[in-house]
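Asks: pasting the structure only:
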């Protein structure tokens, strides 16, 4: 079965530190890739997405992610985190296998940024 | 404003009772989804519907039921057969077909079984 792995379950950083959250998936076909963020008490919202083209994708609030096809990875990065980035981050993958628009989610990473 | 609404925000249920969670969207999306969110497990798909009057089981459908009588509405019933129903439930919607798969989420309902 296809799966999505986020290896970091909890990350604690100080403000201005750099962030990289890992995401790997297991599916050999073409994929669409997403990072969602869930701020405390708020809706799950889209941070960025990759469908095709430039594998380096820029999203909102200074986040970016790089799709490395050979590694089946879509890691999320931010050069300098802020206290307001404290949230839970979810990687999601749509396998382009004609099975509709279902997404498979990773287990999530809780990020805490210390002021 | 277009969006997805879920009600209630918090729900308490006694063991042995069925309970229905509401999800409504005015985004004109054909597809709707129900997920369950548990700490450390991400979002797991319970049921999804790609069109009115049609729905399919997701990965963890046991103990749940749904209906899709209207495009805008996709209620989820948590039955007494669900062995561990205490969780955070998220509803989502999306376009069908070649839209890329982006899903839009509601604010969630937190269900607690007493």
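Replies: Alright, I've got the coordinates. Here the structure is a predicted model, which is why all the values come from computation and not from measurement. Residues are numbered from 1 along each chain as shown, chains lettered A, B, ... in the order given.

Asks: Give me the nearest residue to residue 71, chain neighbours excluded.
Replies: Looking at chain A here, since you left the chain open. Nearest residue to residue A:71 in three dimensions, chain neighbours excluded: residue A:24, at 7.3 Å (Cβ to Cβ, 6 or more residues apart in numbering or on different chains). Any C-beta I mention is one placed from the backbone N, CA and C, and that applies to glycine too.

Asks: could you do chain B instead?
Replies: Nearest non-adjacent residue to residue B:71 (Cβ to Cβ, 6+ apart): residue B:52, at 5.4 Å.

Asks: which residues sit in contact with that neighbour?
Replies: B:68-71 (Cβ atoms under 8 Å, 6 or more residues apart in numbering or on different chains).

Asks: Buried among the residues you listed? Need that as a selection in ChimeraX.
Replies: To isolate the buried ones among the contacts of residue B:52 in ChimeraX, judged by 16 or more other Cβ atoms under 10 Å in any protein chain shown, type:
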select /B:68,71
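
Asks: The contacts of residue B:52: which two are farthest apart?
Replies: Based on Cβ to Cβ, the longest span within the contacts of residue B:52 runs between B:69 and B:71 and measures 9.2 Å.

Asks: Could you check how far the residue nearest to residue A:71 is from residue B:77?
Replies: 35 Å (Cβ to Cβ, to the nearest Å).

Asks: Looking at the two, which is more packed in?
Replies: Legend: neighbour count by other Cβ atoms under 10 Å in any protein chain shown for residue A:24 and residue B:77, higher for residue A:24 (18 against 14).

Asks: Which strand residues bridge the more buried one?
Replies: Beta-bridge pairing of residue A:24 under DSSP bridges involves residue A:5, residue A:73.

Asks: That one contacts residue A:68, doesn't it?
Replies: No: the criterion here is Cβ atoms under 8 Å, and residue A:24 misses it with residue A:68 at 9.7 Å.

Asks: Report the secondary structure state of the residue of chain B found nearest chain A.
Replies: Among the residues of chain B, residue B:101 lies closest to chain A, at 3.4 Å counting by Cβ to the nearest Cβ. Per DSSP: H, G, I helix; E, B strand; the rest coil, the local secondary structure of residue B:101 is coil.

Asks: thought it was touching residue A:103?
Replies: Yes: taking contacts as Cβ under 8 Å, residue B:101 lies within contact range of residue A:103: 6.0 Å.

Asks: Overlap of the contact sets of the two?
Replies: A:34, A:94.

Asks: what residues are up against residue B:79?
Replies: B:18, B:63-65.

Asks: Where does pLDDT dip in the chain?
Replies: Here I'm looking at chain A. A:1, A:98-99 (pLDDT under 70).

Asks: I was after chain B.
Replies: Scanning chain B for pLDDT under 70 picks out B:1-2, B:97-99.

Asks: Most proximal residue of chain A with respect to chain B?
Replies: residue A:94 (3.4 Å).

Asks: what about that residue, how many neighbours?
Replies: 25.

Asks: got it, and residue A:33?
Replies: So residue A:33, with other Cβ under 10 Å, has 23 neighbours.

Asks: Work out for me the element it sits within.
Replies: strand A:31-38 (DSSP states H and E).

Asks: what about the strands in the chain?
Replies: Just so you know, I chose chain A. A:3-5, A:10-14, A:19-21, A:24-26, A:31-38, A:44-50, A:56-58, A:64-68, A:73-78, A:87-95, A:104-105, A:109-114 (DSSP state E).

Asks: looking at chain B here, not the other one
Replies: B:4-7, B:10-13, B:19-25, B:31-38, B:42-51, B:54-57, B:64-66, B:76-78, B:87-94, B:104-105, B:109-113.
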